[in-house]
Structures are given as C-alpha cells and as structure tokens.
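Asks: Sequence below, structure please.
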Amino acid sequence: MKSFVVLLILSLGMTAHAMDSIFIDPKDHYLDASEWLLKHRGFLPVPIIITEPAVGYGGGVALVFMSENEDSKTDTTRFIAPTVTGVLGAATENGTRAAGAFYVRNWDHDRWRYMGFVADVSANLDFYGLSGFTSSKDIHFAYNIKGWGVFNDLRTRIADSNFFFGGRYIYTDINVNFDDGILPPTLRPDEIQNRNGGLSFLLSYDSRTNPLSPQAGFLGEYRYYIFREGLGGDLNYNVQELDMQGFIPVSDIWAFAARLQNKWVDGETPFYAKPFINLRGIAKLRYQGEVASSFEAEVRYNAHPRWQLSLFGGVGRAGDSFKELEEAETASAYGVGFRYLIARLLGFQMGLDIARGPEETVFYIQAGNAWIM
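Replies: The predicted model follows:
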C-alpha cells in the first residue's frame, strides 16, 4: 500500500480548490478528500515529501489516477480498496533520486489482490558493517547504489476466509560504488555489480477492517524468497520474513497496536539485501545482519472522530546468527504522532510522527499505516 503515500499532499487540498465544497464532508462538515479521490477523472500532479534519515530530506511529484472499485458498490461485507495507477519521480538533498510507475488493484470482490511497480534508483547511503549494533559504531563507508528493478505481488483469498496464498517475483540489476573506491573488508566482489532474480511464496492472514489505516484486526504474513541464477540473477540465496501486526480497539477512545517483524537470510545474500532493524527513528539499513528482529508498540487516543494521537516505542536487534541475536545490543526508539481522517469513505488517515532513535530525532510524513509491508 506504499503507493498511497503519494496521495498524502493531494488529500490536504493545498490548492485554491481547498475551500470548494468538494473538500467538505456533508456528514460532519470537516475537510475531507473522499469525493475528490474517488470521483475525479484524469491524472493528478501530487507532491511527495521525503523525510527518511537514510537519504535526507527531499521531495518529488507523482501523477496519480485513483478509481473506485466497482465491487465496492455492491459488496458491504468487507472494505475493497480502490484501483491506483501512477508514475513518480523524486530526489533528496544527498543526491538520491528515483523514478517509477505503480499499479494496485483488487478484483472479484477482493478474492484477488495485485500490486506491481517498476523503478530506477540511484541512492547515496552509508554502510555500517554487518555485525549488528556493536560494529556499526566503528565502521562507516559511504556508497552509491544504482540500478533498476521490477516487483510483482499476486495473491488470492482461500475460500471465503481471511487467509491468502500467493507469490512475488522480484528482479533487480544493481551496481554499487563506494566513495573511496575501496571495498570494505567484510564484503565480497560479487556484491558490487549483480542481478537478483527471486521468486517468493507467501501465506497471509489478514482480518484488518481497512488495510489503508487499520483500526482493528490482525495481519500475519510469512514470506520465503528464493533468489537463483535460473530466475534471472547472478547470486543464489534465500530470504525469510515473518511480519505480524495487531490492531486492538480497547474502547471508543483508546486503542493499542503492535508489530513484530523478523527477517533472516542465508547463502550469497548481497549486503544491501540483508535484514535491518526497522523502526521509526532509525535510518533504514543502519543496523544490519544475517538476522534482524524489530518490535514496535503504539498506544492510540481518539480525541475526535477525525483526530487520533499516538505514543509509540520500539526495540530491535541485528546479528550474524540467531545465537548472536540473543546476545546483541538492543537499539531502541520512541516518539509521538497524530493522524487526521482525510478521506472518511476510504477510512484513510494522514499525519506526522516525530521519533527519537539512538543517533537522531526524525520526523515522518505519514499516509495510511506506518507499518508498510
């Protein structure tokens, strides 16, 4: 659902049309973008705001077309997401740039779900070693990773249950250059320029009432990736991931949410594809290893039908093995945030999170669920 991030500024209505009745919900007379998102026809220019500490501040623009799923007009038993198509381009202050196209669609009354995108990226990042928290204090190499790739995710609902079975195909063509031209001693030469072709099998349980901005329900998903030369790549390795998210309303005012994410690899996994601690307040790829685990919890306060406040915190570890993970140091982060229900008919929220990690304080512009798959 990451493609919905590009709808963030659109939903703000930060143009002269913001005062028009199309942005006012007739039910409660609050600012609302439901009609604009669902009824407008044509591609729309949408600003993108980037605040990820791994690449610095930046922005871009997307051309997005969003259309109401026809099944949503007759199916009242479950939320059916709209179809989204678009292209985008973005850049950040450290020279990172990206361009791509995406497509998201559900059909047959949410029995089938598809998400796909193609992207070309040149990212300037930092490498802190592959031994988790401790070595990352002592190693720091700047590098550029450049290449393109495609991603396809197709899954189907099992009978009329909340279980889904499906798969993914991923292909990337990558070239890595370190600033000083010297390869860090922990890396292999074949990690610098390679292709990755991988097929993933997944089993998912999804009872969330709304995947855009979940307020209740549970998501549990196990993914097993097989990257092989026979699938279009140069390296042979495996990636496994278990992602569990729970959303529990305690009352009309209070709610609780939590996420546990575990990821581990084996084989010739390139360093940029290895697991990392994934928490708000910690830069992506900052703490890496063969194994990584992250846990984050959130307390939510529904101050108003439109406004939601939150307090969150999390911990994570990374290491070269499961045994090392048990003994590794713990990285932690915490923060506060708010959400505004900008599209009531879609149950879609937007807002801001401010998080403090081991190194810095970071703010994130959020659209929908902060815990992206």
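
Asks: I figured Arg195 was touching Asp173, is that so?
Replies: Yes - the criterion here is CB atoms under 8 Å, and Arg195 meets it with Asp173 at 5.0 Å. For the C-beta atoms, the positions are set from N, CA and C on the backbone; glycine is no exception.

Asks: Give me the number of neighbouring residues for the residue lying closest to Phe127 once chain neighbours are set aside.
Replies: In space, and not counting its chain neighbours, Phe127 is closest to Phe141: 4.4 Å by CB to CB, 6 or more residues apart in numbering. Phe141 has 17 neighbouring residues, counting by other CB atoms under 10 Å.

Asks: check contacts around Phe141.
Replies: By CB atoms under 8 Å, 6 or more residues apart in numbering, the contact set of Phe141 is 126-127, 178-180, 184.

Asks: got any ranges where this structure has weak pLDDT?
Replies: Counting by pLDDT under 70, the ranges of the chain that qualify are 1-20, 40-46, 68-77, 131-138, 373.

Asks: one step back: top of the contacts of Phe141 by number of neighbours, please.
Replies: Phe127 (22 neighbours).

Asks: Let me have the contacts of Phe141 in a markdown table, adding secondary structure and distance to Asn302 as columns.
Replies: Shown next, in a markdown table, are the contacts of Phe141 (DSSP: H, G, I helix; E, B strand; the rest coil; distance: CB to CB, whole Å):
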| residue | secondary structure | distance to Asn302 |
| --- | --- | --- |
| Asp126 | strand | 39 |
| Phe127 | strand | 42 |
| Phe178 | strand | 48 |
| Asp179 | coil | 48 |
| Asp180 | coil | 51 |
| Pro184 | coil | 48 |
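
Asks: tell me the two of the residues you listed that are most distant?
Replies: By the measure CB to CB, Asp126 and Asp180 form the most distant pair in those, at 12.9 Å.

Asks: does Leu279 really touch Thr330, like I thought?
Replies: No - counting by CB under 8 Å, Leu279 stays clear of Thr330, with 11.0 Å between them.

Asks: Need the overlap of contacts for the two.
Replies: The contact lists of Leu279 and Thr330 share 315-316, where a contact means CB under 8 Å, 6+ apart.

Asks: Of those two, give the one with the bigger neighbour count.
Replies: Set Leu279 next to Thr330 and count neighbours by other CB under 10 Å: Leu279 wins out with 27 against 11.

Asks: who touches that one in this structure?
Replies: Residues in contact with Leu279 (CB under 8 Å, 6+ apart) are 294, 296, 314-316, 331-333, 355, 357.

Asks: can you check Val87 too?
Replies: 62-63, 99-102.

Asks: Then Asn144?
Replies: With CB under 8 Å, 6+ apart, Asn144 has these contacts: 95, 122-125, 176-177, 179.

Asks: Filter the residues you listed down to the buried ones, ChimeraX style.
Replies: Those of the contacts of Asn144 that count as buried under 16 or more other CB atoms under 10 Å are selected in ChimeraX with:
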select :122,123,124,125,176
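
Asks: what's the farthest-apart pair in the contacts of Asn144?
Replies: The span of the contacts of Asn144, defined through CB to CB, is set by Gly95 and Val176 at 15.0 Å.

Asks: As a check, name the ranges of all helices in the chain.
Replies: Applying DSSP state H to the chain gives helices spanning 8-12, 34-39, 322-327.

Asks: Looking at those, which one is packed in the most?
Replies: For these, ranked by mean neighbour count under the definition mean count of other CB atoms under 10 Å, the leader is helix 8-12 at a mean of 21.
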